[in-house]
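[1] curious how this folds, go ahead:
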Amino acid sequence: MEYSLSNQAIAQSPDKVWYQDTKGKLTYGDQRRRMTALSNWCDKNGIANGDLVLVAVRDEREQASLLCALVCLGIPPVILNPEAPFGEAAPILARVNCRVAIAESELIEAWQLDKLSMLVLRVSAIQNKGTIFNRLLKSRQQQAESIDSWPTIVGQSDLSLSLEFAGEDLGYLIFTSGTTSLPKGVRISFRALCAQMNVLISRYGLKPGDRILNALPFNHVDGFVQGPLLAWVSGATLCRPTAFSPNTVQELIDTVYRERITHMIAVPTMLALMLRLGTDFRDSFQSPEFRVLVSAAGHLEKDLWEKLEDAFGVPILNMYGLSETV
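    Predicted coordinates for the structure are as follows:
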């Protein structure tokens, strides 16, 4: 049996927004072209299904785009925290046989990736559009860069891609946070990943046009899987107004109403903080569009669960589970 993470509905609406943050947006058509370019580059360089590719990128839009594209192409990404110091990253990279590193210049230097026996696809700095100066700077930068840099290899072609793979194929390799020990690699098969997508879409009632708010980092399994990947497969839009911190809770909650969010993915720590700050947030969840508040990444105590549902007047789903159990 073959498995696929493609979404046939996107062919009918390529201008629909798949990903948006404070720096801009990517439509489904944009991401499809990026997938095609990455597939062509991998073919040209002999990178095949199952070859491991390290993604070492801090820019969240590029990180989301690359991780999602690789998984959907059947080329498993190795997901590490891009803020990890060399002392943490080096032992992992020494154990994992990556064929390719797609990395920003700072991390190529910090993690000494150019000293490892792997092909490197450099991620170029992203310039905002708008001013003549920025356009000239971008043009000069592109002339100075190798033709093989990301995202400058992305063209306008949208070729037919083969996106079906065997269930036992590796979907991705992610390393745990290492809070209780050294980071441990967790291998998730394509079969398990597709099953998880089907369960989440069904349980959340996700459909094309829905809008997901998830501010978790993409090196976190619930940040990536329940963020850009879930949005891609379900035909939804992922909204990321800001990273989560105690200082950004108000901004995140305001986004729920302002951006007409339908689903919010949070963690128990964030939910507890929202409850301590009071019930002033209740109105933000009372828009006609909002349907589900999801608690992930940790055990949600029954007392907190009940208090949250009473305070905010919305159903809360507790989707916590170890990465290894997917």
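[2] do I have it right that Trp111 meets Leu93?
    Yes - with contact defined as C-beta atoms under 8 Å, Trp111 counts as touching Leu93 (6.9 Å). Heads up, the C-betas are built off the backbone N, CA and C, glycines and all.
[3] give me the more crowded residue out of the two.
    Using other C-beta atoms under 10 Å as the criterion, Trp111 and Leu93 rank with Trp111 on top: 24 against 20.
[4] tell me the spacing between the residue lying closest to Pro82 once chain neighbours are set aside and Ser6.
    Spatial nearest neighbour of Pro82, chain neighbours left out: Arg58 (4.6 Å); criterion: C-beta to C-beta, 6 or more residues apart in numbering. Distance, Arg58 to Ser6, by C-beta to C-beta, to the nearest Å: 28 Å.
[5] and these two? which has more neighbours close in?
    Neighbour count, other C-beta under 10 Å: between Arg58 and Ser6, Ser6 has more, with 16 against 13.
[6] surely that one and Cys72 touch.
    Yes - using C-beta under 8 Å, Ser6 is in contact with Cys72, at 6.5 Å.
[7] what residues sit buried inside stretch 299-307?
    Leu300, Leu304, Trp305 (16 or more other C-beta atoms under 10 Å).
[8] closest to Ile253 out of these?
    Ranked by distance to Ile253 (C-beta to C-beta), these are led by Leu304 at 16.9 Å.
[9] and that closest one, how far from Asp59?
    For Leu304 relative to Asp59 (C-beta to C-beta), the value is 34 Å.
[10] where does Gly171 sit: helix, strand or coil?
    Using DSSP: H, G, I helix; E, B strand; the rest coil, the structure places Gly171 in strand.
[11] wait, it sits on Phe190?
    Yes - judged on C-beta under 8 Å, Gly171 makes contact with Phe190 at a distance of 4.6 Å.
[12] of those two, give the one with the bigger neighbour count.
    Gly171 (27 against 24).
[13] now the more buried one: how far from Leu317?
    Distance, Gly171 to Leu317, by C-beta to C-beta: 23 Å.
[14] what does Leu238 give?
    18 Å.
[15] who has more neighbours out of these two?
    Between Leu238 and Leu317, counted using other C-beta under 10 Å, the more crowded position is Leu238 (24 against 17).
[16] now the spatially closest residue to that one that is not a sequence neighbour: how far from Ile47?
    Nearest residue to Leu238 in three dimensions, chain neighbours excluded: Ala231, at 4.0 Å (C-beta to C-beta, 6+ apart). According to C-beta to C-beta, Ala231 stands 25 Å off from Ile47.
[17] those two: who's more crowded?
    Neighbour totals were compared for Ala231 and Ile47, and Ala231 leads with 26 against 21 (other C-beta under 10 Å).
[18] isn't that one right next to Arg240, touching?
    No - in this structure Ala231 lies outside contact range of Arg240 using C-beta under 8 Å: 10.5 Å.
[19] what residues do these two have in common as contacts?
    By C-beta atoms under 8 Å, 6 or more residues apart in numbering, Ala231 and Arg240 have these common neighbours: Tyr19.
[20] report the buried residues of stretch 86-93.
    In terms of neighbour count (16+ other C-beta under 10 Å), stretch 86-93 has its buried residues at Glu88, Ala89, Ile92, Leu93.
[21] can I get these in CSV with distance to Pro77?
    CSV is the format used below for the buried residues of stretch 86-93 (distance: C-beta to C-beta, whole Å):
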residue, distance to Pro77
Glu88, 18
Ala89, 15
Ile92, 14
Leu93, 14
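[22] tell me which of the residues you listed is nearest to Thr27?
    For the buried residues of stretch 86-93, the minimum distance to Thr27 (C-beta to C-beta) is 32.8 Å, reached by Ala89.
[23] now do the contacts for the residue nearest to the closest one when sequence neighbours are not counted.
    Among residues not flanking Ala89 along the chain, Trp111 sits closest, at 4.9 Å (C-beta to C-beta, 6+ apart). Taking C-beta under 8 Å, 6+ apart, we find Trp111 in contact with Ala56, Phe86, Ala89, Ala90, Leu93, Ala103.
[24] quick check: mean pLDDT across stretch 317-326?
    Stretch 317-326 shows a mean pLDDT of 68.
[25] try stretch 118-136
    Mean predicted lDDT for stretch 118-136 stands at 66.
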